[in-house]
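S.K.: Please find the sequence and the predicted model below.
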Amino acid sequence: MPRSSLVGQTLGGRYRIEEMVGQGGMSAVYRARDPNLKRVVAIKTIHGHLAADPRFLVRFEEEATAVAQLRHPNIIQVFDYNHDDDLYYMVQEFVAGETLQERLRRLNKAGKRMPLSEAIGVALQTSDAAHYAHGRGMIHRDIKPANIMLDLHGQAILMDFGIVKITGGESHTATGAVVGTALYMPPELVQGQAPDGRSDLYSLVVTLFEMVSGRPPFEADSTLTLMMMHLNNAPPDLRSLRPGVPEALIAVIEKALAKDRDDRYASMAHFSAALRRAREQMEVAATPGATVLEEPKAPVAPTPPAGASPAVSGQKAPAAAISGSPRAAETPRAGPGPVVAAPPEQVAAEAPVRARPKMSRAVWIGGAVVLLAILAGVLFALLRSPGQDGAASTPPGVAAQATLPAATAPAGLPLARITGITLDGQQRYVVAYETSGQPSGAHLHFFFDTVPPEQAGTPGSGLWADYAGSSPFAQIKQSERPENAGQLCVLVANPDHSVQPNSGTCSALPEVVTAVAAEDTACLSGPAAAFPPAAQLEAGQAALVLGLSADEAWWNVANPQQSDSTCWLPVAATQVSGDISKLPLVEGPPLPTGTPPVDLSVEIRHIGLDDQGRYVVDFETTGFTAQLPGTHIHFFFDTVTPEQVGISGEGLRLMHGGPPPFTGYTAADRPAEAGRMCALVANPDHSVLPDSGNCMMLPDAP
């Protein structure tokens, strides 16, 4: 087929190309329509000249097959791969949003810096994604802002796994590397060594450095110069580039940018743990009245009592059977990543440890008495026999005390936090978690979200698994999941098995899709606003997603208040986690009798120009909430006719699925003859509704 333009053509007899959305040195990306599943997809085509390499086909099939097996909320999903003649392509999910590179450029142009909380969030989500892939033997090799997508909810999506190997770019040389990649290249690749997970870590933290400071650590016009700077030069001091960056964050970045990979964090999991600790210290410092203590040169391990047996990592108390009535519990972390946390003894050498303030001798004596009392209580709790409340016994000679530091947690922060859940080869849930600020003698209760939190401990009737070991927890099988369970939760429990309210979090199970209400939201009895409420979700409450409405605007979910029924949540009012690609389309009940037809419309209310020369378009919708995928808006200049801005037209238009304002066009994008900007309502398949919008005069550029 002709390769000059793929727009309007159909690949594989299925995917109709609508427009090009990006292009790089080795590939191009198009937005396309999949009529079989009635969804928008992204098509990444590999440049045809590579097909002349006899090794290309083998690399393409091997890597595309491996990438298609990745299932993680922060990795772009690959649905299919194929070729038409010498045009090889992969079919991926279409993520509406912008790349991290585009966001950083906009911030730099405005003279602004990314908020530290946002930069840390992007780094953690990307780290979780990379760690998941590393556990499956895949190294990305090219982590950089251009390969990190930020969706409409601000979640980071890592793209282009396998592309470096497919295109034959595994080894970078001064003649083969491009400047865009050399900006983020680890020193070992400059030296021609094989990459590993620590190489991806270096590239990610170069990206984090850029998010924090507004620029990469090394900049030069020459690829060779950049590579030599990564090999020999120390990174600039972040303190001078952005005054006020917390020392805890600087320490994490500096360690991860070590020239010798053996001096970096041992894995993405170790890095994530250190970065989360740095974030916690920042949150403590931001709490009114909080005191941030200095860090000593090295951590000091406590001396065990005489005669005590050494703790055995990974020894756990047996889990109870798990079932119960449906209810969502604490708010999950958006976009949970299956991070398997490193054993505490490995992380301890890298973790910043807070020093205690100087104390008088009387205080030390009093503290020693209290410590001995606590140790006695802990030993009593650990050595007790199982009781009627389901308490677990401890194997002889094993100290199964949870690794819970005896400090006070910052106000408002959970004492136990699930950081990721995966399934192992025995179909057990492997739950990585963190703890902080927990009294000695306490332990953890793990339970599905079908058990109300108040029932997950004594004297509640819900069933739970109690645990007093180190992360990860891995005692619940997939077969034990209740049908309507979408999350696994944790709470801190006292020695008598009563639980501490609001002391933990929940996280989505890896094989399910969950929708979390962004605010208090009614779950309706059908997929339209005309249906009456069937249940009410509080802000942060999650529901198990069972399907999607035909217009892709409503989730069909398990009713959180009635286990044998379902209800419907608006897509725009929720944040979803999990693989939605396999969700079935579900037909809802007929509209209630007498319901008038919904009139969908959009009205542009005002157009202004910001200081970046970007049009800021305020608008109002009637009968729908703009979202992608789903019913959305096409914005266009009046030099294009309305019939040309739908799916079959070729007029310039930009899609928008989100709240106002729309800021997709700049004054430079305005055609010379254009006097107005217009908007029309677009269906999920990108056809437009005639007469569903309006036009408004454009302001003159200053």
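M.R.: Received the coordinates, thanks.
S.K.: Now stretch 633-641: buried residues?
M.R.: 633-638, 640 (16 or more other CB atoms under 10 Å). C-beta coordinates here come from the backbone N, C-alpha and C atoms, glycine included.
S.K.: for stretch 686-699, same thing?
M.R.: So stretch 686-699, judged by 16+ other CB under 10 Å, has buried residues 686, 688-689, 692-696, 698.
S.K.: what's the answer for stretch 551-568, then?
M.R.: Those would be 551-560, 566-568, for stretch 551-568 by 16+ other CB under 10 Å.
S.K.: Give the helix, strand or coil label for the closest residue to Gly486 other than its chain neighbours.
M.R.: Spatial nearest neighbour of Gly486, excluding adjacent residues (CB to CB, 6 or more residues apart in numbering): Leu544 at 3.5 Å. What DSSP: H, G, I helix; E, B strand; the rest coil gives for Leu544 is strand.
S.K.: so the residue nearest to Leu654 when sequence neighbours are not counted is in which element?
M.R.: Distance criterion CB to CB, 6+ apart; nearest residue to Leu654, sequence neighbours excluded, is Gly664 at 4.2 Å. Here Gly664 sits in a region with no helix or strand, counting by DSSP states H and E.
S.K.: do the same with Ala66
M.R.: helix 56-68.
S.K.: Check which element follows that helix along the chain.
M.R.: strand 78-84.
S.K.: So what are the sheet partners of that following strand and their directions?
M.R.: Counting by DSSP bridges, the strands paired with strand 78-84 are strand 87-93 (antiparallel).
S.K.: CA-only coordinates of the partner strand in PDB, if you can.
M.R.: What follows is strand 87-93, C-alpha atoms only, in PDB (Å, rounded to 0.1, in the frame of the first residue of the first chain):
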ATOM      1  CA  LEU A  87       4.600  -2.100   7.200                       C
ATOM      2  CA  TYR A  88       4.800  -3.500  10.800                       C
ATOM      3  CA  TYR A  89       2.500  -2.100  13.500                       C
ATOM      4  CA  MET A  90       1.300  -2.500  17.000                       C
ATOM      5  CA  VAL A  91      -2.300  -1.700  18.200                       C
ATOM      6  CA  GLN A  92      -2.300   0.000  21.500                       C
ATOM      7  CA  GLU A  93      -4.800   1.700  23.800                       C
END
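S.K.: buried set for the helix or strand where Val617 lies?
M.R.: Assigned by DSSP H and E, Val617 falls within strand 615-622. Neighbour-count burial for strand 615-622 flags 615-617, 619, 621 (criterion: 16+ other CB under 10 Å).
S.K.: Columns pLDDT and distance to Asn494 on top of those residues, output as a markdown table?
M.R.: What follows is the buried residues of strand 615-622, written out as a markdown table (pLDDT from 0 to 100; distance: CB to CB, whole Å):
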| residue | pLDDT | distance to Asn494 |
| --- | --- | --- |
| Tyr615 | 92 | 58 |
| Val616 | 94 | 54 |
| Val617 | 95 | 55 |
| Phe619 | 95 | 53 |
| Thr621 | 93 | 50 |
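S.K.: Domains in this structure, by residue range?
M.R.: The chain resolves into domains spanning 10-93, 99-286, 344-353+361-506, 514-582, 601-697 when parsed by automatic domain parsing.
S.K.: worst average pLDDT in those domains?
M.R.: Here those differ in mean pLDDT, and the lowest is domain 344-353+361-506 at a mean of 68.
S.K.: could the buried residues of strand 615-622 go into CSV alongside distance to Gly486?
M.R.: Formatted as CSV, these follow (distance: CB to CB, whole Å):
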residue, distance to Gly486
Tyr615, 41
Val616, 38
Val617, 37
Phe619, 34
Thr621, 30
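S.K.: Which parts of the stretch 1-150 of the chain are helices?
M.R.: 56-68, 100-109, 116-134 (DSSP state H, counting those that start in this stretch).
S.K.: returning to what we had before: sort out which one of the buried residues of stretch 633-641 lies nearest Ala672 for me.
M.R.: Phe637 (10.4 Å; CB to CB).
S.K.: and that closest one, how far is that from Thr666?
M.R.: 12 Å (CB to CB, to the nearest Å).
S.K.: so Pro217 makes contact with Val206?
M.R.: Yes - Pro217 lies in contact with Val206 (CB atoms under 8 Å); the separation is 6.2 Å.
S.K.: more crowded one of the two?
M.R.: Neighbour count, other CB atoms under 10 Å: between Pro217 and Val206, Val206 has more, with 24 against 21.
S.K.: burial measure for the residue nearest to Leu654, as a count.
M.R.: So Gly664, with other CB under 10 Å, has 14 neighbours.
S.K.: How about Gln281?
M.R.: Gln281 has 21 nearby residues by other CB under 10 Å.
S.K.: re the thing from before, wait, doesn't the residue nearest to Gly486 sit right on Asn556?
M.R.: No - the criterion here is CB under 8 Å, and Leu544 misses it with Asn556 at 10.1 Å.
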